[in-house]
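Asks: just need the structure, nothing else, for what follows:
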Amino acid sequence: MLAAAPATAGDALTIYRCTASDGTVSLGNQPCGSGERQQQRTMERPRDPAPGANPVPPAPAQPAPPPRSIVHVVRVQDPEPMYACTAPDGERYLSDQPQGTPRWVPLWVAGRAPPPRLHPPRPPARPGPGRDPVPPVRPPHPGTALVATGTWVQDPCERLPQEEVCARLSDRRYGILRVYHGLMPSERQALDAEQARIDARMARDCGGG
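Replies: All right, here's what the predicted structure looks like:
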């Protein structure tokens, strides 16, 4: 007969191992019958765990929220254009406007009959470096009794590629630096303003110059 360590009566559980005469073995919690060989073992009765004995599994970690996307709005300004215009004598000059210098042209220049006058009005000269602009010759006022004998025309212009615009700006800035120190302080003010405009334009349209 096998016996386990004693246990408290309320917590003890006895298991009987019965062996019959033919060798059959059975287990139960009741004593063996007559003629059977009995073995018993006292065990501690299984109990439910006390409340709070088992640790509560941690709550699953919440996935981190996706990072907030930041939208940057970049306003790209088109490069400021530059135009090359051609005067009637074939001379080319630069302009920031698509229209060239306006000129008063007599009608007979455009293929019409010459007016009955000996000296047609001369077109206004285009101002050059260091020269004051010549006031243009205005056409006759429509309220007068004179008959208009001419029309306004503008020199044709074509837009320059941006690479050439940047090259022209760079050349002009270099030209300002060459003559700057030889000028009077009063003359430098105009060049300072022009160079500031060129630097700002090259920084914006030419990648910093």
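Asks: could you check the longest helix anywhere in the chain and say which residues are buried?
Replies: Ranked by residue count and defined by DSSP state H, the top helix of the chain is helix 185-205. Buried residues in helix 185-205, counted by 16 or more other CB atoms under 10 Å: 188, 195, 198, 201-202, 205. Where C-beta positions appear, they are placed from N, C-alpha and C, glycine not excepted.
Asks: same thing with stretch 96-109?
Replies: Residues 100-101, 103-107 are the ones in stretch 96-109 that count as buried (16+ other CB under 10 Å).
Asks: determine the set of other helices and strands touching the helix or strand hosting residue 176.
Replies: Using DSSP states H and E, residue 176 sits in helix 162-180. Packing partners of helix 162-180 (3 or more CB pairs under 8 Å, 6 or more residues apart in numbering; DSSP states H and E): helix 185-205.
Asks: so which of the buried residues of stretch 96-109 would you say is closest to residue 20?
Replies: Residue 20 lies nearest to residue 100 out of the buried residues of stretch 96-109, by CB to CB, at 128.3 Å.
Asks: show me where this structure has its strands.
Replies: Shown for the chain, the strands assigned by DSSP state E span residues 12-19, 25-28, 37-44, 83-86, 92-95, 102-106, 150-154, 157-159.
Asks: adding distance to residue 62, write these out as CSV.
Replies: Formatted as CSV, the strands of the chain follow (distance: least, CB to CB, whole Å):
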stretch, distance to residue 62
strand 12-19, 46
strand 25-28, 50
strand 37-44, 42
strand 83-86, 63
strand 92-95, 66
strand 102-106, 74
strand 150-154, 72
strand 157-159, 60
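Asks: out of these, nearest to residue 168?
Replies: Among the strands of the chain, strand 92-95 sits nearest to residue 168 (CB to CB), with 6.6 Å.
Asks: I'd like the average pLDDT over the closest one.
Replies: Across strand 92-95, pLDDT averages out at 92.
Asks: ok, that strand: who's next to it in the sheet?
Replies: Take DSSP bridges as the rule and strand 92-95 pairs in its sheet with strand 83-86 (antiparallel).
Asks: how about the partner strand: buried residues?
Replies: 83-85.
Asks: reformat those residues as a markdown table; add pLDDT.
Replies: Formatted as a markdown table, those follow (pLDDT from 0 to 100):
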| residue | pLDDT |
| --- | --- |
| 83 | 95 |
| 84 | 94 |
| 85 | 94 |
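Asks: please identify which of those is nearest to residue 76.
Replies: residue 83 (21.9 Å).
Asks: show me what that closest one is bridged to.
Replies: Going by DSSP bridges, residue 83 is paired in beta bridges with residue 95, residue 159.
Asks: hmm, back to that, for residue 172, which of the strands of the chain is the nearest?
Replies: strand 92-95 (9.0 Å).
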